[in-house]
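[1] coords please:
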Amino acid sequence: MTDSRVDRRVVIAAQFAAILMIAPVAFAGDRSNNVEPGSVWQVAQNTAPAPRRLLPRKPVEPESPPAEPESVAPVAPDPFAEDPSEYKARSGIEVDRLRGPDPDEIGTIDFQTGGLVRTMWQSTPAKYVVHLMRQLPDSMASPTLRDILRRLLLTAADAPAREEGRDSPNLVALRIERLQTLGFLGSASALMEIAPRRQGDGRLLRLHADNLLMRGENEAACAETRRRDIPLEKTYWQYLLIFCQVLDGNLEEAALGANLLAESVESADPAFAALIDALVRGENPSTGEFAEATPLLFAVLHYARLPIPAALFEQASPPLLAMIAAFPDGDLDLRLAAAERAARFGALTPERLTRIYAEAAFSGEDVENALSIAESVRSPRGRALLYQAAAAQNVPTARAEVLQKALSLAREDGVYPLSVRLFSPMLGAILPSAELSWFAADAARALYALGRADLAEPWVTGLRYEVSRDPDVKLAADSLWAAASLSLPSAAEDAAAADAWRAAVTALMPTQARRRFGDAYALLEMQGLSLSGGQWRDVLGNFERRAMQLPDHTYRSALADAATAGRVGEALLLAAIVAGHDGPGEMDIGVLREIVVSLRQVGLMDEARALVIEAAVEKGL
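    Here you go, the predicted structure:
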């Protein structure tokens, strides 16, 4: 009689369990020969006898499917329905437990410690919360919206209402998964530590192992394979176990495990299997067309010192991009590109990115000629070179010259918001002076972008003083009105300054002036400034239609309804979905206004204001 697929998986799992039982000491491993214990780039010493060749293998033919049951009348699917198998115990035994505190109410912060209100899920059904969480983008360029999501996912709050008679969705696991995907590995780990269903929950166990792999903690991830409650029938754990045996130099056990896995119909990634086989045989592995980018695959590629294929780089999530950036022996250009993208989406701090910039190897001649080289090399490498050149300068005038070039190129290349954050310490350390009047407008604009109006204003004051001595400085001074008004609403009340700003923008960028006027006035209105009809008439040019993809109008309507009704958590999830992957500067201005209004309606006034500033920075204001 032919074994069923489930039976085969159980047998494979039993065989893997037997490997763990017969070689516990060997699996613990002697790491004394490793280059760096606990590091993702450590190299195992091949001291075991050469195992037998595992490839080529004969593929296992899929088993015949069971006979189809009698047809029944179809039932219309519920778009928010959960898969009950995702939450039932693997044993199939149902236990009637005493009701206690709801596990979905846990969190690491509350309203008093930076979280949201405890009643944020009031009047929002649990299945709808799950549905919205699954629609969240995997990456978000807006620091403001990203931080709102982090706080929402970590907040201890009353659980959303569930339907009677339905399986309870594992909302904690979904929150952890969303945090991890966005790159909040520390936050995800903290929430996981207090998750009441962690023991025996296969989903949480895998999230924990992935978290450790993405943080480069291979030894800790391997320790997870020795837990009694891991589901060894799952291919993921079999792959991880084999990798850990390779790391420990236990190549005989790894070869046996790889051979067992090859006999399973569950191995769906032949490129990954070939990669593991090459490691087991001690051969030089190569990359292929992998099924998907995963923390385990990236950990294996890093261990094998193999380059990340371009296809995987393009689909990598923010924390996987951070893994690429952290690989010390990786291609420099790929590391820098990954680091910049990871920093843009919040998986790397600006401080960590600057350290990666500083680690890039450049000759002394390159650093001396950084301005001209960066002008021609418009790439992460050029930006790293400019950073090193700025850091090497001790004279304020020389450093300001490099900063001015770096910010100018960043604006042209669309990375200005990230660049001002990277150079923030240097910008704050340079004091205004008459000798630096040529740098005053650039410094003030960058400091306004950083939310440091207190540091920007002395530069503006000095620039105004210079106008009396040098009329050519007037354009630069007048061009700062919009930036100042968005940061300091009182500055917007000066009608003469507004007129001078429009004249300056027209002179400095005539082809973009009308669009700048419209964007600035729309953002000022979002900040609470009342504009008269005359002011709008002054900026009208020739009417134009702009082609732009807009978010689903049903989600926008749902956002407005949730915000008006005060359903805080629901409104914030919808705001993040409507905003999507890109930053606020790339949104349609009407969509941005709807999100800003919604944030204000649920009480996030400071966050609404910060989002408008983000949009102004991205739009070049």
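[2] got the buried residues for stretch 111-127?
    In terms of neighbour count (16 or more other C-beta atoms under 10 Å), stretch 111-127 has its buried residues at 115-117, 120-122, 124, 126-127. (Glycine included, C-beta is placed from N, CA and C.)
[3] in helices only, show me these.
    If you go by DSSP state H, those have 126-127 in helices.
[4] what about residue 454, neighbour count?
    As a burial measure, residue 454 scores 10 neighbours (other C-beta atoms under 10 Å).
[5] quick check: it vs residue 461, distance?
    Distance, residue 454 to residue 461, by C-beta to C-beta, to the nearest Å: 12 Å.
[6] again, but for residue 487
    Counting by C-beta to C-beta - residue 487 and residue 461 are separated by 15 Å.
[7] who has more neighbours, those two?
    More crowded of residue 487 and residue 461, by other C-beta under 10 Å: residue 487, with 22 against 14.
[8] mind listing what the more buried one touches?
    By C-beta atoms under 8 Å, 6 or more residues apart in numbering, the contact list for residue 487 reads 448, 451, 453, 456, 613.
[9] now, of these, which are buried?
    Buried members of the contacts of residue 487, scored by 16+ other C-beta under 10 Å, are 448, 453, 456, 613.
[10] ranking helices and strands of this structure by mean pLDDT, which lands last?
    Lowest mean confidence among the helices and strands of the chain (mean pLDDT, DSSP states H and E): helix 24-28, at a mean of 41.
[11] quote the end-to-end distance of stretch 458-477.
    End-to-end distance for stretch 458-477, by C-alpha to C-alpha, to the nearest Å: 12 Å.
[12] show me which positions of it end up buried.
    By 16+ other C-beta under 10 Å, the buried positions in stretch 458-477 come out as 459-460, 462-463, 466-467, 473-477.
[13] please apply the same query to stretch 519-532.
    So for stretch 519-532, counting by 16+ other C-beta under 10 Å, buried means 519-527.
[14] let me know whether residue 604 touches residue 151 as I believe.
    No - assessed by C-beta atoms under 8 Å, residue 604 is found out of contact with residue 151, at 9.7 Å.
[15] between these two, which contacts overlap?
    Counting by C-beta under 8 Å, 6+ apart, residue 604 and residue 151 have no common neighbour.
[16] may I see the buried residues of stretch 595-611?
    Here stretch 595-611 shows 595-596, 598-602, 604, 607-611 as buried, counting by 16+ other C-beta under 10 Å.
[17] dump the C-alpha coordinates for the helix or strand harbouring residue 569 into PDB.
    Element membership for residue 569, per DSSP states H and E: helix 568-579. What follows is helix 568-579, C-alpha atoms only, in PDB (Å, rounded to 0.1, in the frame of the first residue of the first chain):
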ATOM      1  CA  VAL A 568      -8.100  54.300  16.200                       C
ATOM      2  CA  GLY A 569      -6.400  51.000  15.300                       C
ATOM      3  CA  GLU A 570      -8.600  50.400  12.300                       C
ATOM      4  CA  ALA A 571      -8.000  53.900  11.000                       C
ATOM      5  CA  LEU A 572      -4.200  53.700  11.400                       C
ATOM      6  CA  LEU A 573      -4.000  50.300   9.600                       C
ATOM      7  CA  LEU A 574      -6.100  51.700   6.700                       C
ATOM      8  CA  ALA A 575      -3.800  54.900   6.600                       C
ATOM      9  CA  ALA A 576      -0.700  52.700   6.300                       C
ATOM     10  CA  ILE A 577      -2.300  50.600   3.500                       C
ATOM     11  CA  VAL A 578      -3.500  53.600   1.600                       C
ATOM     12  CA  ALA A 579       0.000  55.300   2.000                       C
END
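[18] from the contact counts, what lies against that helix?
    In terms of contacts (3 or more C-beta pairs under 8 Å, 6 or more residues apart in numbering; DSSP states H and E), helix 568-579 is packed against helix 126-135, helix 143-154, helix 553-565, helix 589-601.
[19] tally of neighbours for residue 435?
    Residue neighbour count, defined by other C-beta under 10 Å, stands at 10 for residue 435.
[20] OK, contacts around it?
    Neighbouring residues of residue 435 by C-beta under 8 Å, 6+ apart: residue 397.
[21] let me know the pLDDT of residue 374.
    According to the prediction, residue 374 has pLDDT 85.
[22] try residue 498
    Value listed for residue 498 in the pLDDT field: 80.
[23] beyond the helix or strand that it is a member of, next helix or strand please.
    Residue 498 is part of helix 495-508 when elements are defined by DSSP H and E. Note on helix 495-508: by DSSP H and E, the next helix or strand toward the C-terminus is helix 513-526.
[24] correct me, but residue 555 touches residue 575?
    No - in this structure, residue 555 is not within contact of residue 575 by C-beta under 8 Å, at 9.6 Å.
[25] neighbour count for those two, which is higher?
    The neighbour comparison of residue 555 against residue 575 (other C-beta under 10 Å) goes to residue 575, with 26 against 15.
[26] residue contacts, that one?
    Counting by C-beta under 8 Å, 6+ apart, residue 575 touches 145, 148, 559, 563, 595, 598-599.
[27] so what's the residue lying closest to it once chain neighbours are set aside up against?
    Counting by C-beta to C-beta, 6 or more residues apart in numbering, residue 595 is the residue found nearest to residue 575 once chain neighbours are left out, at 5.0 Å. By C-beta under 8 Å, 6+ apart, residue 595 lies in contact with 559, 575, 578-579, 584, 587, 611.
[28] any idea how far residue 416 is from residue 595?
    Residue 595 sits 22 Å away from residue 416, going by C-beta to C-beta.
[29] go on, residue 392?
    Remark: distance between residue 392 and residue 416 (C-beta to C-beta) = 23 Å.
[30] for these two, indicate the residue with more neighbours.
    Between residue 392 and residue 416, counting by other C-beta under 10 Å, residue 416 is the more crowded of the two (22 against 14).
[31] pretty sure that one sits against residue 406.
    No - using C-beta under 8 Å, residue 416 makes no contact with residue 406, being 9.9 Å away.
[32] quick one: neighbours of residue 260, just the number.
    18.
[33] per-residue pLDDT, it?
    Residue 260 is given a pLDDT of 74.
[34] can you give me the helices in the stretch 351-500 of the chain?
    With helices called from DSSP state H, counting those that start in this stretch, the stretch 351-500 of the chain shows them at 364-368, 370-376, 380-392, 396-413, 416-422, 424-429, 437-449, 453-467, 474-478, 481-487, 495-508.
[35] and the longest one, how far out from the chain middle?
    Average the C-alpha atoms of helix 396-413, do the same for its chain, and the two points are 27 Å apart (C-alpha atoms, centre = their mean, to the nearest Å).
[36] okay, that helix in PDB with CA atoms only?
    In PDB, the C-alpha atoms belonging to helix 396-413 read as follows (Å, rounded to 0.1, in the frame of the first residue of the first chain):
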ATOM      1  CA  PRO A 396      34.300  74.200   9.100                       C
ATOM      2  CA  THR A 397      34.600  75.900   5.700                       C
ATOM      3  CA  ALA A 398      36.100  72.700   4.100                       C
ATOM      4  CA  ARG A 399      33.500  70.500   5.700                       C
ATOM      5  CA  ALA A 400      30.700  72.800   4.600                       C
ATOM      6  CA  GLU A 401      31.900  72.700   1.000                       C
ATOM      7  CA  VAL A 402      31.600  68.900   1.000                       C
ATOM      8  CA  LEU A 403      28.200  68.900   2.700                       C
ATOM      9  CA  GLN A 404      26.900  71.400   0.200                       C
ATOM     10  CA  LYS A 405      27.900  69.200  -2.700                       C
ATOM     11  CA  ALA A 406      26.600  66.000  -0.900                       C
ATOM     12  CA  LEU A 407      23.200  67.600  -0.300                       C
ATOM     13  CA  SER A 408      23.000  69.000  -3.800                       C
ATOM     14  CA  LEU A 409      23.700  65.700  -5.400                       C
ATOM     15  CA  ALA A 410      21.300  63.900  -3.000                       C
ATOM     16  CA  ARG A 411      18.500  66.200  -4.000                       C
ATOM     17  CA  GLU A 412      19.100  65.500  -7.700                       C
ATOM     18  CA  ASP A 413      19.300  61.800  -7.100                       C
END
